[in-house]
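Asker: Mind looking at a prediction? Sequence and model below.
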Amino acid sequence: MHARSIRNRLLRLAQNIRPQGDESFTLEELCRSMWREDKRKFLQIAKGTSLSLFVRQFELDDVERGERGRQMRRRE
């Protein structure tokens with residue numbers, strides 16, 4: 001892969017993560033974006049690496065978000 005191609009892919013990724021135009025992002029933001037896009041693929045990538053530290057937090061966030069969504073639907 002050529003440097004220009006890599007740069008373009010990273011710019012598209014940054015645009016997906018931070019549409020406001022800021023091209024910098026944290027490792028957690030990158031991992032969270034990958035988690036939301038494809039959890040199974042992220043789990044494969046994270047297996048046996050320090051990225052697996054994010055998995056538990058992302059799972060808890062998903063549960064919390066689901067609970068908030070159910071509460072909002074009950075109120076309606």
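Answerer: It's in.

Asker: make it CA atoms for all contacts and neighbour counts henceforth
Answerer: Fine.

Asker: so where is the chain shaky, pLDDT-wise?
Answerer: By pLDDT under 70, the weakly predicted segments of the chain are 1, 6, 18-23, 71-72, 76.

Asker: longest helix in it, by residue count?
Answerer: Using DSSP state H to define each element, the chain has its longest helix at helix 52-75.

Asker: Send me that helix as CSV with only the CA atoms.
Answerer: Extracted in CSV, the C-alpha atoms of helix 52-75 (Å, rounded to 0.1, in the frame of the first residue of the first chain):
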residue,chain,number,x,y,z
SER,A,52,-8.4,-6.1,25.2
LEU,A,53,-8.5,-3.7,28.2
PHE,A,54,-11.1,-1.6,26.3
VAL,A,55,-13.4,-4.5,25.7
ARG,A,56,-14.9,-4.7,29.2
GLN,A,57,-15.5,-0.9,29.3
PHE,A,58,-17.2,-1.0,25.8
GLU,A,59,-19.4,-3.9,26.9
LEU,A,60,-20.5,-2.0,30.1
ASP,A,61,-21.1,1.1,28.0
ASP,A,62,-23.3,-0.9,25.6
VAL,A,63,-25.4,-2.3,28.5
GLU,A,64,-25.7,1.2,30.0
ARG,A,65,-26.8,2.7,26.7
GLY,A,66,-29.3,-0.1,26.3
GLU,A,67,-30.8,0.5,29.7
ARG,A,68,-31.1,4.2,29.0
GLY,A,69,-32.9,3.4,25.7
ARG,A,70,-35.4,1.2,27.4
GLN,A,71,-36.1,3.8,30.1
MET,A,72,-36.6,6.5,27.4
ARG,A,73,-39.1,4.2,25.6
ARG,A,74,-41.1,3.5,28.8
ARG,A,75,-41.5,7.3,29.4
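
Asker: Show me what it is packed against.
Answerer: helix 27-37, helix 39-46 (3 or more CA pairs under 8 Å, 6 or more residues apart in numbering; DSSP states H and E).

Asker: Other residues contacting it?
Answerer: If you take CA atoms under 8 Å, 6 or more residues apart in numbering as the criterion, helix 52-75 is touched by E28, C31, R32, W35, L43, A46.

Asker: That one to helix 39-46, inter-axis angle?
Answerer: 160 degrees (axes from the mean of the first three to the mean of the last three CA atoms, to 10 degrees).
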